[in-house]
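Q: need coordinates for the below:
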Amino acid sequence: MRKILYLIICLPILLLSACDVHEWPETQEFVKMHLRLNYETDMTEWEHLYDGAEVIEQGYGEIYDNHRDYGKIRYIVRTYPVSEKMRTTSDYTQEFVFTKDISEGYAHEVTLDLLPGNYNVMVWSDLIQTSGDSHFHNADNFAEIRLQGDHKGNNDYRDAFRGTNNISLVADIMERLPDTLNVAMQRPLAKFEFVTNDVEEFIDKESVRVASKANGNKSASADDTPTRAVNIEDYKVVFYYVGFMPHAYSMYTDKPVDSSTGVMFESTLRKLSESEASMGFDYVFVNGKKSAVTVQIGIYDNEGTQLSLTEPIEVPLKRSHHTIMTGMFLMSEASGGVTINPDFDGDHNLIFP
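A: Predicted structure coming up:
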């Protein structure tokens, strides 16, 4: 009887102990977060005059919406855990990549499934013109987002945006609306453009040169009738970055982190009026303060002959500002021992003896 009583008392204990062996580990449940991306696409014109010796600030001009009307926009969203000391870790836990038509607008909203925790959410966004195009930026590493491929100036699809914000997500057994995170998307870039105001003088000079070349007469004058009209679109403009050009940007520091030398890009003249023409433009990574790059601009005919070359010009830059440099650039002649490689093979090489 005592044995039976002992078994009756022990059996429930054994069954309870056995339950521990078959328990399944708890799976972490995801928490929904609603992400809202708001874009600041406006740019402010920042006008400057170059008098051949120095750059003179003229003040601010028009504010305009610098957005594309068609193409594709890419969104890269990464979540970085924030430690108890409120420090963002260097490794992200989740990544989400989306692409949509620009015609639907830059702003974007999406609901994401995240694990509970404290996060610094970082977002990078850039553009392409058509689906088959490669992106201008390699964003594999947010610590060093780099320009990739040959440098392409004169392209508004080089525009890009970045944004960050923090959020704390807590698992909740009660069903409720997702937490919303608003992220302001701002460009880490400045834009500059050169506008020449000596088009008429250039055309007069070129008319004489073309007529002389066609007639084999070195002494032709401005009164001579040129054998053909001068079309400024036939001339090539080459921008040379003197020294360093920023080509990498960090989301962590919100600053450029690397530069390249020997950067150049080609352009053509685009007539704005009888006396003015746009020579070309480019986008540059800049920090949150005023910055600058230095460029030289060469003008070439369709045979690769250098017709003019400016002195090195320092271009003031500021985020989301469109620096417009106006001056007599077509007729410029550089000094200081700058020469051009005479063996023209399609490339224009600056040589500094």
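Q: what number of residues lie near the residue nearest to Thr41 when sequence neighbours are not counted?
A: Of all residues not flanking Thr41 in the chain, His67 sits nearest, at 4.4 Å (Cβ to Cβ, 6 or more residues apart in numbering). C-beta coordinates here come from the backbone N, C-alpha and C atoms, glycine included. Other residues within reach of His67, judged by other Cβ atoms under 10 Å, total 16.
Q: please apply the same query to Gly61.
A: 12.
Q: my read is it is in a helix, agree?
A: No. Under DSSP: H, G, I helix; E, B strand; the rest coil, Gly61 sits outside any helix and is assigned strand.
Q: so who does it touch?
A: Thr44, Glu45, Trp46, Glu47, Ile324 (Cβ atoms under 8 Å, 6 or more residues apart in numbering).
Q: all helices of the stretch 51-200 of the chain, in order?
A: 199-215 (DSSP state H, counting those that start in this stretch).
Q: sketch out the low-pLDDT regions of it for me.
A: For the stretch 51-200 of the chain, the stretches flagged by pLDDT under 70 are 84-89, 173-175.
Q: now do the end-to-end distance for stretch 143-160.
A: 16 Å (Cα to Cα, to the nearest Å).
Q: any idea how far that stretch is from the chain center?
A: 5 Å (Cα atoms, centre = their mean, to the nearest Å).
Q: now, among the contacts of Gly61, which is nearest to Val77?
A: Thr44 (28.4 Å; Cβ to Cβ).
Q: any idea what that closest one is bridged to?
A: Beta-bridge pairing of Thr44 under DSSP bridges involves Ile63, His321.
Q: swap in Asn182?
A: Arg36.
Q: confirm for me that it is in contact with Met33.
A: No. Between Asn182 and Met33 there is no contact under Cβ atoms under 8 Å: 11.4 Å.
Q: which one of these two has more residues nearby?
A: Each of Asn182 and Met33 has its neighbours counted (other Cβ under 10 Å); Met33 has more, 19 against 13.
Q: on the three-state scheme, the more buried one is what?
A: strand.
Q: just checking, it touches Pro178?
A: Yes. In this structure, Met33 is within contact of Pro178 by Cβ under 8 Å, at 5.7 Å.
Q: what do those two both touch?
A: With Cβ under 8 Å, 6+ apart as the test, Met33 and Pro178 both reach Thr111.
Q: so what's the residue count around Glu193?
A: Glu193, neighbours per other Cβ under 10 Å, totals 17.
Q: pairing-wise in the sheet, spell out the partners of it.
A: Counting by DSSP bridges, the residues bridging with Glu193 are Phe281, Ile324.
Q: what about it, distance to Phe202?
A: 18 Å (Cβ to Cβ, to the nearest Å).
Q: ok, now Met245?
A: Using Cβ to Cβ, Met245 is found at 27 Å from Phe202.
Q: one more: Ile56?
A: For Ile56, the distance to Phe202 - Cβ to Cβ - is 22 Å.
Q: so for the two, which sits in the more crowded spot?
A: Phe202 (23 against 12).
Q: got the contact list for the residue lying closest to the more buried one once chain neighbours are set aside?
A: Once flanking residues are discounted, Phe202 sits nearest to Leu330: 4.0 Å by Cβ to Cβ, 6+ apart. Counting by Cβ under 8 Å, 6+ apart, Leu330 makes contact with Thr196, Asp198, Val199, Glu201, Phe202, Ala277, Ile299, Ser308.
Q: quick check: which element contains Leu330?
A: Using DSSP states H and E, Leu330 falls within no helix or strand.
Q: quick one: it from Glu276, how far?
A: 11 Å.
Q: who touches both of the two?
A: Joint contacts of Leu330 and Glu276 (Cβ under 8 Å, 6+ apart) are Thr196, Val199.
Q: just how off-centre is the helix or strand hosting Glu47 within its chain?
A: Per DSSP H and E, Glu47 falls inside strand 42-50. Relative to the chain's own centre, strand 42-50 is displaced by 18 Å; criterion: Cα atoms, centre = their mean.
Q: could I have it exported to PDB, CA atoms only?
A: Extracted in PDB, the C-alpha atoms of strand 42-50 (Å, rounded to 0.1, in the frame of the first residue of the first chain):
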ATOM      1  CA  ASP A  42      14.100  72.700 -53.400                       C
ATOM      2  CA  MET A  43      17.300  74.400 -54.500                       C
ATOM      3  CA  THR A  44      18.400  78.000 -54.000                       C
ATOM      4  CA  GLU A  45      20.300  79.800 -56.800                       C
ATOM      5  CA  TRP A  46      23.500  81.300 -55.400                       C
ATOM      6  CA  GLU A  47      24.900  83.800 -57.900                       C
ATOM      7  CA  HIS A  48      28.600  84.800 -58.300                       C
ATOM      8  CA  LEU A  49      30.500  86.900 -60.800                       C
ATOM      9  CA  TYR A  50      34.000  86.000 -62.000                       C
END
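Q: average pLDDT for it?
A: Strand 42-50 carries an average pLDDT of 98.
Q: how about it: buried residues?
A: Buried residues in strand 42-50, counted by 16 or more other Cβ atoms under 10 Å: Met43, Thr44, Glu45, Trp46, Glu47, His48, Tyr50.
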